[in-house]
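K.L.:
Got a predicted model here, sequence first, then my questions.
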Amino acid sequence: MKASNTILGIVGAAAAGALLGVLFAPDKGSNTRKKIKDKSKDYGDNIKTKLDGIVSTISSNGKEIIEEGKAKFNQAKEDFNAVKDEAKTVKSNY
C-alpha cells in the first residue's frame, strides 16, 4: 500500500510541476496554448500510429492462424478418409 501511495505522490508531483511550468512560462498564453495543442496532436498521432500497427499485426497473424487451421483440418479430413477406406477394405476381406 505504501508503494502505491509513493508512486501516486510522484505522479501527482510531476503533473503539478508540469502544470506550474506551463502556467509560469515566459511565453504568451496564446503561444503556450498552441504548444500544448501541437504536442497533444503529436501524441495523438503517435498513439494512433502504434495502435494501427498493433491492429495490423493482430489481423495478419489471425489470417495466418486461420489458414494454418484450415490446412490442418483438411489434412485431418484426408487422413480420416484414408483410415475409413482402409477399414472398409479390411472389413470386406473378412
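P.N.:
Good, I have the coordinates.

K.L.:
Report the distance from the helix or strand harbouring Asp38 to the chain centre.
P.N.:
Using DSSP states H and E, Asp38 sits in helix 29-93. Centre-to-centre, helix 29-93 and its host chain are 12 Å apart (CA atoms, centre = their mean, to the nearest Å).

K.L.:
Please name the residues that touch Lys48.
P.N.:
With CB atoms under 8 Å, 6 or more residues apart in numbering as the criterion, no residue contacts Lys48. Just so you know, the C-beta spots here come from the backbone N, C-alpha and C atoms, and that holds for glycine as well.

K.L.:
Residues contacting the strand or helix carrying Val22, please?
P.N.:
Here Val22 sits within helix 2-23, counting by DSSP H and E. Helix 2-23 is contacted from outside by 32, 36, using CB under 8 Å, 6+ apart.

K.L.:
how about that helix as PDB, C-alpha atoms only?
P.N.:
Only the C-alpha atoms of helix 2-23 are listed here, as PDB (Å, rounded to 0.1, in the frame of the first residue of the first chain):
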ATOM      1  CA  LYS A   2       2.800   2.400   0.800                       C
ATOM      2  CA  ALA A   3       4.500   1.800  -2.600                       C
ATOM      3  CA  SER A   4       1.300   2.700  -4.500                       C
ATOM      4  CA  ASN A   5       0.900   5.900  -2.300                       C
ATOM      5  CA  THR A   6       4.500   6.800  -3.100                       C
ATOM      6  CA  ILE A   7       4.000   6.200  -6.900                       C
ATOM      7  CA  LEU A   8       0.800   8.200  -6.800                       C
ATOM      8  CA  GLY A   9       2.600  11.000  -5.000                       C
ATOM      9  CA  ILE A  10       5.400  11.100  -7.500                       C
ATOM     10  CA  VAL A  11       3.000  11.100 -10.500                       C
ATOM     11  CA  GLY A  12       0.900  13.900  -8.800                       C
ATOM     12  CA  ALA A  13       4.100  15.900  -8.100                       C
ATOM     13  CA  ALA A  14       5.200  15.500 -11.700                       C
ATOM     14  CA  ALA A  15       1.800  16.600 -13.000                       C
ATOM     15  CA  ALA A  16       1.800  19.600 -10.700                       C
ATOM     16  CA  GLY A  17       5.300  20.600 -11.800                       C
ATOM     17  CA  ALA A  18       4.300  20.400 -15.400                       C
ATOM     18  CA  LEU A  19       1.200  22.500 -14.800                       C
ATOM     19  CA  LEU A  20       3.200  25.100 -12.900                       C
ATOM     20  CA  GLY A  21       5.900  25.100 -15.600                       C
ATOM     21  CA  VAL A  22       3.200  25.800 -18.300                       C
ATOM     22  CA  LEU A  23       1.500  28.500 -16.100                       C
END
